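A.B. asks: Kindly return the folded structure for what I paste below:
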Amino acid sequence: MSDGNLHARDVEQDVRELGELLGDVIAEQSSDEAYEAVEQVRQAAIAYRRGEADSWAGLDDALAAAAGAHDEAIARAFTSYFELVNLAEERERVRAVRRGQQSGTLEDSVAAAVDALAADGADAATVESVLEDVLIEPTFTAHPTEARRKTVKAKLRSVAEDLERLDERRLTDGEQAAIERDVETEVTSLWQTPQLRDRRPEVTDEALNVLWYLENTLFDVVGDVYAALEERLAETYDADVEVPKLFEFRSWAGSDRDGNPHVTPAVTAETLERQRSVVLSKYRTALKRLSGVLSQHTDRVTVGETVRDRLATHRAELGDAAEEAADRYPDEPYRQLLRLMRERIDRVGGVRPGGYANHEALLADIDALAADLRANRAANIAETHVDPLRRQVATFGFSLASLDLRDHRENHTQAVTEALDRAGIDYRSRDEDERVDLLTEAILADEPVVDTDDTTGLSETAARVLTLFDATADWQREYGADAIDTYCISMCEEPSHVLEVLFLADQAGVADLPGHCGLDVVPLLETKSALSGARRIMGTLFDNPAYAAAIEARSDGAPLQEVMLGYSDSNKENGYLAARWSLHRNQKRLTRICEEYGVTLRLFHGRGGSISRGGGPMNDALLALPRETVTGEVKFTEQGEAIAEKYANPRIAQRNLEQMLDAQIRARYDAVAGDDEPIPDEWDDAMETAADAARDAYRDLLETDGFVAYFEQATPITVIENLNLGSRPASRSGERSVEDLRAIPWVFSWTQARCILPGWYSLATGLDAYLDAGGDLETLRAMYEGWPFFRTLLDNAATALARTELDVASEYAAAAEPALRERFFPRIEAEHARAVDLVTTITGRDGLLQRDWFAENLARRNPYVDPLNKLQVRLLATDDRTEAEDRTLRLTVKGIAAGMKNTG
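C.D. replies: Here you go, the predicted structure:
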């Protein structure tokens, strides 16, 4: 089939028909006056964006005419429109992937990665060695950036499935009409369903949200990624290339305690139990389905010794169940084995003996089946039906996604201080060196110093921390150490902050050095002082006998250290350019430190969905990492609306995983080959000069008197703080300051005001400082062409600049006190204008965007976001809002988030 016959529709048809359908539903479900108000606003907004109107006067008039009576209908209409258009654009992404697959031109695929290595002369052994190094760990967080209700998302997924059927299937007229009726039904139901949550989601809701993507999408598509890789390897190389485990999924939902008092041990225990239950159910279903395939009779196959031995072992352990299997499947040994495997799955975590001890035991049975099939000339059956299950078990284990624990370092310090004080040991007054010595001695001692099970007399914070560590020991015994084996320390600044966690783990029995350590202790370096002090922090730890024993106990080969880098708070503290340069430079510094101590570094990138928080195309980000930092293992956060965008649709989920794998394979191969040209010192110097000036300019903006007041008046931050987006508070202490505000609402607020300041502010000032210091544009152009880091830096900034609409942002600025507006908005305008000029000059592009589809995307969206912004500005300025006005204001936030496809 040619790629031109793959689809029956295109994005223009989807957008047009969904828009018309929504209009029909509004006309049917609302009054004629409300429908006319929506239409007047829509047409006025389009006229301005098309250049048919010289100003926004027509839009302002249409909104003014509808004010009060039809505000909510307008907000609902445009919000619903964006939700449907997002589905149309998702469908277009799927079309592009399928066309590329059919024509063999799909970039960033696993097939493309294999072809690239082969073209460079890599033999099978080299490819196998590279794959052995690669491990990709997407880590799902529950940060409050998903603006849509679960009910609304379910309805939208139903529409998406209907669009797929209309687009990809050959239908009779009757079948097509039936599906179109289903779409109409769902859109009607969507209009009648409240968009706003009536309560904040609980932590368990967030954990269930992450679980949905793991269970319903990723569990199945992972096998497809492996199959695509193995197929291209087989086509390219004569020798077999062994493909190891390449993915491991992790989660913070239900276990991240930083700033969230609602994440209790009970919630974590519930999350662990639910995830195990789900994944075991998936395996049981897969084994049942496999039993329908492996119906081979002993008259037709010769059963090998391994399968016979495993059957004998299971019969001895399972008694009556084994007899029942033999009676039900006489002379069908594979079905007997599969029935006993299901029985052992059923007994995991139960009171009956005979359950699998771990997923490796299940893998042993699966491997025995696959080997026996191949020995009986049924390799095609093994490849089609058994190997995919093996990949799933190897990837998801018995935990589905391993949980990372996380808490703020101040809480650990308080817990250690109070617990030691109760034991008669003064920790509070000791300096850093003395604290390190005390903790080291206690960790290496034969007997515990404190009782983590006893929280009598402790503060609520200290009791909570000790209870957590005590519970972790129980969880690891119940669910296995792999189920919850990482502890991340937010705002880590000193070596003692890491040793405090190791001390608490030791006292609770999670660690027993030198032989056992049940946790990877991961410092999160996010502030300028922490990043600049990385050598002091990590060097002290690697020299420390207790910590050295801990990482030795956690490693199969060379000791491994995971370090998390905080993109969000680094950006909020330093600005876009300075933060990116600091993170880039400190990744290289951390690598050198680890190499000096013979430790392998695994970087954990704390990325968000927005450009300012480390967002942007994942494959570009991985390829832009400093070559010396690419050890093969990489970990990064996935959060908020980015999870839905990447993983809700199975084909897009597979595409994302392939892009990650493509980038990591290429990057690791390049690191091993080591034939890259070193980055010229002149380029490093240019970035140093630019970053220093950019940070000064950014800090000057934030520290100018009145900036916090301007931010509060010129963005909807006060509304965002009160939205029911997530279970975690928007700020750490409730104080009004940029430092206290979490990075997500900081970015969310600017995004709503169409001024994506965190993604570009002070970039121009920094580059101008380099030029003023004797630099030249030709060097910057060479940096863009020859340095992936700088190219990604500018391309991502270009995206943020293009998404910024200063004429809209000026409407928000006008709501601020006149003196504040004049103090800040002209600075923002000037920085934006100069940044646009510099980026287009350096990149050599006529416009900011390098992808035509992105420009089309913005052109399609802008006329429909504008009315929501206008309405939001008016309602923000309204004193003593009614309940209906407040509801409409919150709805505009949802609508703009859907239109911008981004919150924080």
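A.B. asks: CA atoms for contacts and neighbours, from now on please.
C.D. replies: Fine.
A.B. asks: Name the spans of the stretch 401-550 of the chain whose pLDDT lies under the cut-off.
C.D. replies: Within the stretch 401-550 of the chain, no stretch has pLDDT under 70.
A.B. asks: where exactly do the strands run in the stretch 501-650 of the chain?
C.D. replies: Using DSSP state E, counting those that start in this stretch, the strands of the stretch 501-650 of the chain run over residues 511-512, 516-517, 520-525, 560-566, 600-606, 633-638.
A.B. asks: contact partners of the last one?
C.D. replies: Taking CA atoms under 8 Å, 6 or more residues apart in numbering as the criterion, the residues outside strand 633-638 that touch it are 133-141, 602-609.
A.B. asks: How about stretch 302-317?
C.D. replies: Here stretch 302-317 has contacts from 321-323, 333, 336-337, 340, 353-354, 365, 368-369, 372, 376, using CA under 8 Å, 6+ apart.
A.B. asks: Widest-spaced pair of those residues?
C.D. replies: Pro353 and Asn376 (33.2 Å; CA to CA).
A.B. asks: longest single helix anywhere in the protein?
C.D. replies: helix 71-103 (DSSP state H).
A.B. asks: Output the contacting helices and strands for it.
C.D. replies: helix 11-29, helix 32-49, helix 150-168, helix 173-192, helix 650-673, helix 852-876, helix 883-900 (3 or more CA pairs under 8 Å, 6 or more residues apart in numbering; DSSP states H and E).
A.B. asks: and if we set it to 7 Å?
C.D. replies: Packing partners of helix 71-103 (3 or more CA pairs under 7 Å, 6 or more residues apart in numbering; DSSP states H and E): helix 11-29, helix 883-900.
A.B. asks: separation between the one residue sitting closest to the centre of the chain and Asp776?
C.D. replies: In the chain, the centroid-proximal residue (CA atoms, centre = their mean) is Glu638; its distance is 0.5 Å. Glu638 sits 38 Å away from Asp776, going by CA to CA, to the nearest Å.
A.B. asks: ok, back up a step: give me the distance between the residue nearest to the centre of the chain and Ser570.
C.D. replies: 18 Å.
A.B. asks: Val634 too?
C.D. replies: From Val634 to Ser570 the distance is 20 Å (CA to CA).
A.B. asks: Could you check which of those two has the larger neighbour count?
C.D. replies: Neighbours per residue (other CA atoms under 10 Å) separate Val634 from Ser570, with Ser570 holding more: 24 against 21.
A.B. asks: still on that earlier bit, now the strands of the stretch 501-650 of the chain as JSON lines including distance to Pro863?
C.D. replies: Below are those laid out as JSON lines (distance: least, CA to CA, whole Å):
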{"stretch": "strand 511-512", "distance to Pro863": "58"}
{"stretch": "strand 516-517", "distance to Pro863": "57"}
{"stretch": "strand 520-525", "distance to Pro863": "41"}
{"stretch": "strand 560-566", "distance to Pro863": "35"}
{"stretch": "strand 600-606", "distance to Pro863": "34"}
{"stretch": "strand 633-638", "distance to Pro863": "30"}
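A.B. asks: how about the helix or strand encompassing Asp309: buried residues?
C.D. replies: In the assignment (DSSP states H and E), Asp309 maps to helix 305-318. Neighbour-count burial for helix 305-318 flags Thr306, Val307, Arg310, Leu311, His314, Arg315, Leu318 (criterion: 16 or more other CA atoms under 10 Å).
A.B. asks: Fine by me, we can end here.
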